[in-house]
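Enquirer: Sequence first, predicted model second:
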Amino acid sequence: MDGDILTPGGISIPASALTWRFSHGTGPGGQGVNTTDSRVELWVDLSALDAGPGVADRLRAALGDRLRIVVSTERSQLRNREEAVRRLADRLDAAAVPERPRTPTRPTRGSVRDRLDSKRRQSERKAARRDPGDAE
């Protein structure tokens, strides 16, 4: 938990880029939740990540320079820390995937026909409202 972290997508997170904070958490734990620092707050400096140049740019564009993850779902601090690392890896791997380029498409013949028919009907409807003496 104190060493470097490697995500399933291959992004390496040095321990020096992580800042941990612990505090009283909400959630499960009964009365003990008031006395134990089980809530975990993880700050990550994304500029210190060991990722390829394109990946690092995508991460900063999607997540900013610093990422904050807060976990207080478990009773123990250790499990909350593990969950925070798992969430961090998921967020980084999801943000590192390049966006697929849009494939240009054309409207179908039927949709073009329907659009033109609708325009024609609307034009006829408006023409029927006009005063016959307005013709120029």
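Expert: Structure received. Numbers count the residues shown, from 1 in each chain.

Enquirer: Now for residue 43, how many residues are close by?
Expert: 14 (other CB atoms under 10 Å). C-beta here means a position set from N, CA and C on the backbone, and glycine is covered the same way.

Enquirer: Please apply the same query to the one 5 residues further on.
Expert: One way to gauge burial is a neighbour count; for residue 48, by other CB under 10 Å, it gives 12.

Enquirer: what about the helices in this protein?
Expert: Here the chain has its helices, by DSSP state H, at 53-63, 77-96, 109-129.

Enquirer: out of the ones you listed, nearest to residue 19?
Expert: helix 77-96 (11.6 Å; CB to CB).

Enquirer: returning to what we had before: of all the helices of the chain, which lies closest to residue 70?
Expert: Nearest of the helices of the chain (CB to CB): helix 77-96, 7.8 Å.

Enquirer: tell me what the closest one is packed against?
Expert: If you count contacts as 3 or more CB pairs under 8 Å, 6 or more residues apart in numbering; DSSP states H and E, helix 77-96 packs onto strand 5-6, strand 39-45, helix 53-63, strand 66-71.

Enquirer: Any chance you could list what contacts that helix?
Expert: Helix 77-96 is touched from outside by 1, 5, 7-9, 11, 13, 20, 22, 25, 36-40, 42, 44, 49, 51, 55, 58-59, 62-63, 67, 69-74, with contacts defined as CB atoms under 8 Å, 6 or more residues apart in numbering.

Enquirer: hmm, 6 Å instead?
Expert: 1, 5, 7, 9, 11, 38, 40, 42, 55, 58-59, 62-63, 69, 71, 74 (CB atoms under 6 Å, 6 or more residues apart in numbering).
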